[in-house]
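Student: Please find the sequence and the predicted model below.
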Amino acid sequence: MPKLTINGMEIEVENGTSVLQAAEMLGVEIPRFCYHDRLSVPANCRMCLVDLKGAPKPVASCAMAAGEGMEITTHSETIQKARKGVMEMLLINHPLDCPICDQGGECDLQDQAFGYGFDQSRYRETKRSVKNKNFGPLIETVMTRCIQCTRCIRFGEEIAGTANLGLLNRGEDSEIGTFIEKTLSSELSGNMIDVCPVGALTSKPYAFRARPWELKKTETIDIHDAVGSNIRVDTRGREVMRILPRLHEGVNEEWISDKTRFALDGLKKRRLDTPYVRNKETGKLEKSSWNDALSVVSKVLKETRPDKIAAFSGDLADVESTVVLKDLMKSLGVTNLECRTDETLFDPSVRAGYLFNSGIEGIEDADSILLIGTNPKLEASLVNARIRKTWLKKRLPIALIGEEVDLSYPYQYLGGTAEEIKTLLSSKSGFAKIMKSSKNPMIIVGDQIFRRSDAGALHALLYDLSETLGCIKEDWNGFNMLHRHAGRVGALDVGFISSEPFKTEEMDVIFLLNSDEENILTLCNKKSFVIYQGHHGDCGAHRADVIFPAAAYTEKGATYVNMEGRVQMTQQAIFPLGEAQEDWKIILALSEFMEQKLPYKSILDLRDRIVSEWNSFAEIDTLPHAEWKKFGVKGSILKSPLKNTIENYYITNVICRASETMQDCVDAFLTKRTTLKTPKKVASK
């Protein structure tokens, strides 16, 4: 480990550490534009120049590895003059757009020009202009502002795995663009906005809407998939203006998916803001007061036999509301509960059987990966990015059983049915041999493959496969189930499932808690009395006889459990629309109307009740350890293919389906627009 001196301070660093990184460890600021911690080092902006004793000229600190005995000076007179020259050159063609640029107020170029540049320019010639590019409905371009740092190019090639952008031409004519004019169709393309140090790439939906100093910033959690990305919600008044990523090395690093970032306009469209009750005479939903709606539901539940009532906890339901609904149903004697509303009927009795046990960060420790019935690029884009990152670093072998898809990294295709799992189980060569010889082999299973009658037997087969291939060791659990829904793992953890199977078509009353999947319409028979509680007028509300308007994830402080089993909490950024209330409060009020009052008065009482029964909720934001035990049910395996159910990445939940931006993405990136199967308006603000 080399020792070096920076500005008179001695530091010892690991081999391969750059001078710039060593300076950061000491708290010494070195300006930079092209350098980014998670991207390769091009060393083309020259802003990070430093003096190295014995060197004939200043060196680029981002590309210079720390060496034994180096003596570095970061703010000498020579370096200050060099930085002023570099900054003057970068600003030669940069337009004076700061008053109208969306990057204004949080622009690296602004900050560093103020800190390290001249106070005036000596350049008097005509500035160069570059034609703007059309990158699609998400990214706005003003390419004249571009300083050719190439961060966007490197992000596309290295993180997203889509090499759409490149540096064209040479010298003063150089510019960034696509070689053939096309849109950027990556599921992570919005992160290019974050890595751009100037205003060349900005958010198209956010353009000219707000300034950063006007916004209230709330740190919270995303619910568009089961990754549990850490995000920051920026609001002005009662409107969400934008969503940005927060750093979390164990979950999303510093990236978020395009759905997370751009579907926010769906939070204010097609919203339910008042209770509704269906008029028996006209058959139409009509506005109602809370008292009337609660009274109607209370009466129906009291008059219905417990074995004829069923409750579903949906994909966006938080843990608190799920527990309150479970407690209410239990007080009524109702045992027909289900959180797997998409009919993924795997065995939920063993926690290790449905978690992403290694953790998302644990992907980087894997030596071989077997993907079964999953397309992580669409189901969990950040998990796919982590797999690609590991592949780039190790070139580890990856194989896939299921539908052939583009995953942005090479893999060996083993087949499309469960028969290939059986073959792998008994094989002593090929990919089975590779996994058995690996130190940390990993299996990633898509939860959607359990939407079949042999789901229990398939789950048991995967247990045997994990044991046989050596995925389970004393310090390593490589069996990972990749969930698609934010509310699923939390509901499984609190046991929102029925001990005995039940037929939904035989139910007289059905309670839908944030259940908006398309199959809800087929699950509910025509004579069932349906109670829907949620925040959008979608599938569930369309079928409902009574609607309780609820708060969206940005409007409440709630607990969610991601696919790893990591407990995380959202924070309230804005107030709910209209008369909408938090989910747990609605169900608690219903219990009072039914004279079955539940034993908690506040959210703190409720959380104490949750922790007292389920210890996994006692620690926030920690990766759990689930005991490995046998799961699944022995039985025969069907020969039918393992299918991926996500056909349209951009409209996978009610918020996305209400978002015009997501529909624009469907138009731009998919061959034909997806038609919504529900009315555009059930109720609106």
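Tutor: Received it, and whenever you're ready, just let me know what you need. Residues are numbered from 1 along each chain as shown.

Student: CA only for contacts and neighbour counts going forward, please
Tutor: Noted.

Student: From Asp225, how far off is Met192?
Tutor: Applying C-alpha to C-alpha, to the nearest Å, the value for Met192 to Asp225 is 21 Å.

Student: same thing with Thr183?
Tutor: To Asp225, Thr183 is 24 Å away according to C-alpha to C-alpha.

Student: of these two, who's got more company?
Tutor: Counted by other C-alpha atoms under 10 Å, Thr183 and Asp225 do not tie: Asp225 has more neighbours, with 26 against 17.

Student: That one reaches Ala380, doesn't it?
Tutor: Yes. Contact status for Asp225 versus Ala380: in contact at 6.5 Å, counting by C-alpha atoms under 8 Å.

Student: Return every residue with contacts to both of these two.
Tutor: Arg484 (C-alpha atoms under 8 Å, 6 or more residues apart in numbering).

Student: Measure how buried the closest residue to Ser438 other than its chain neighbours is and give me the count.
Tutor: Distance criterion C-alpha to C-alpha, 6 or more residues apart in numbering; nearest residue to Ser438, sequence neighbours excluded, is Asp367 at 5.8 Å. Neighbour count for Asp367, taken as other C-alpha under 10 Å: 21.

Student: for Asp367, what are its contacts?
Tutor: Going by C-alpha under 8 Å, 6+ apart, Asp367 touches 394, 396-397, 438-442.

Student: What remains of those residues if I keep only buried residues?
Tutor: 396-397, 438, 440-442 (16 or more other C-alpha atoms under 10 Å).

Student: Which one of those residues is nearest to Val300?
Tutor: For the buried ones among the contacts of Asp367, the residue nearest Val300 by C-alpha to C-alpha is Met442; the value is 49.4 Å.

Student: Am I right that the closest one is in a strand?
Tutor: Yes. Looking at Met442 with DSSP: H, G, I helix; E, B strand; the rest coil, it is inside a strand.

Student: So what sits opposite it in the bridge?
Tutor: Legend: beta-bridge partners of Met442 under DSSP bridges are Ile369.

Student: In contact with it, which residues are there?
Tutor: Residues in contact with Met442, defined by C-alpha under 8 Å, 6+ apart, are 363, 366-370, 471, 477-480.

Student: Quickly check those residues for the two that are furthest apart.
Tutor: Distance extremes for the contacts of Met442: the farthest pair is Asp367 and Asn480 at 14.6 Å, using C-alpha to C-alpha.

Student: C-terminal to the helix or strand hosting Leu400, what's the next element?
Tutor: Using DSSP states H and E, Leu400 sits within strand 398-401. Once the chain leaves strand 398-401, the next helix or strand it forms, by DSSP H and E, is strand 412-415.

Student: Sheet-wise, list the partners of that next one with their directions.
Tutor: Strand pairing for strand 412-415, determined by DSSP bridges: strand 398-401 (parallel).

Student: ranges for the strands of the stretch 201-350 of the chain?
Tutor: 201-203, 216-221, 230-236, 239-245, 276-278, 285-287, 309-313, 336-338 (DSSP state E, counting those that start in this stretch).

Student: Return the fourth one as CSV; C-alpha atoms alone will do.
Tutor: Just to be clear, that refers to strand 239-245. Below are the C-alpha coordinates for strand 239-245, written out as CSV (Å, rounded to 0.1, in the frame of the first residue of the first chain):
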residue,chain,number,x,y,z
GLU,A,239,-47.3,19.1,-6.2
VAL,A,240,-44.5,16.7,-6.8
MET,A,241,-42.1,18.4,-9.2
ARG,A,242,-39.4,15.8,-9.7
ILE,A,243,-37.9,12.7,-8.3
LEU,A,244,-34.1,12.1,-8.0
PRO,A,245,-32.0,9.2,-6.7
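
Student: which residue packs closest to His75, ignoring adjacent ones?
Tutor: Counting by C-alpha to C-alpha, 6+ apart, the residue nearest His75 is Val50, at 7.4 Å.

Student: That neighbour touches Ala63, doesn't it?
Tutor: No. With contact defined as C-alpha under 8 Å, Val50 and Ala63 do not form a contacting pair (11.2 Å).

Student: Show me which of the two is the more surrounded one.
Tutor: Of the pair Val50 and Ala63, Val50 is the one with more neighbours under other C-alpha under 10 Å, namely 28 against 18.

Student: Just list what the helix or strand hosting that one packs against, helices and strands only.
Tutor: Using DSSP H and E, Val50 maps to strand 49-52. Judged by 3 or more C-alpha pairs under 8 Å, 6 or more residues apart in numbering; DSSP states H and E, strand 49-52 is in contact with strand 59-60, strand 71-73, helix 77-90.

Student: now for the second one, which elements pack on it?
Tutor: It refers to strand 71-73. Using 3+ C-alpha pairs under 8 Å, 6+ apart: strand 71-73 touches strand 3-6, strand 49-52.

Student: Throw those into JSON lines and include mean pLDDT and distance to Gly446, thanks.
Tutor: Shown next, in JSON lines, are the helices and strands packed on strand 71-73 (pLDDT from 0 to 100; distance: least, C-alpha to C-alpha, whole Å):
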{"stretch": "strand 3-6", "mean pLDDT": "94", "distance to Gly446": "47"}
{"stretch": "strand 49-52", "mean pLDDT": "95", "distance to Gly446": "48"}
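
Student: These: which one's closest to Ser659?
Tutor: Ser659 lies closest, by C-alpha to C-alpha, to one member of the helices and strands packed on strand 71-73: strand 49-52, at 45.5 Å.

Student: who touches that closest one?
Tutor: 57-61, 70-76, 78-79, 82-83.

Student: next one: stretch 149-156
Tutor: Identification of contacts with stretch 149-156 by C-alpha under 8 Å, 6+ apart yields 33-36, 39-40, 44-45, 162-167, 176, 189, 192, 195-196.

Student: Return the members of those classed as buried.
Tutor: For the contacts of stretch 149-156, a burial check counting by 16+ other C-alpha under 10 Å picks out 33-35, 39, 44-45, 162-166, 176, 189, 192, 195-196.

Student: Just the closest of those to Tyr560, please.
Tutor: Ranked by distance to Tyr560 (C-alpha to C-alpha), the buried ones among the contacts of stretch 149-156 are led by Ser189 at 25.9 Å.

Student: after the lowest-mean-pLDDT helix or strand in the chain, next one along is what?
Tutor: When the helices and strands of the chain are compared on mean pLDDT, DSSP states H and E, helix 520-523 comes out lowest with a mean of 72. Next along the chain after helix 520-523, taking DSSP H and E as the criterion, comes strand 529-534.

Student: That following strand vs strand 309-313, what angle?
Tutor: Strand 529-534 runs at 20 degrees relative to strand 309-313, counting by axes from the mean of the first three to the mean of the last three C-alpha atoms, to 10 degrees.

Student: Packing partners of strand 529-534?
Tutor: strand 509-513, helix 539-543, strand 546-549.

Student: Which one of those lies nearest to Arg211?
Tutor: Across the helices and strands packed on strand 529-534, closest to Arg211 is strand 546-549 (C-alpha to C-alpha), at 31.6 Å.
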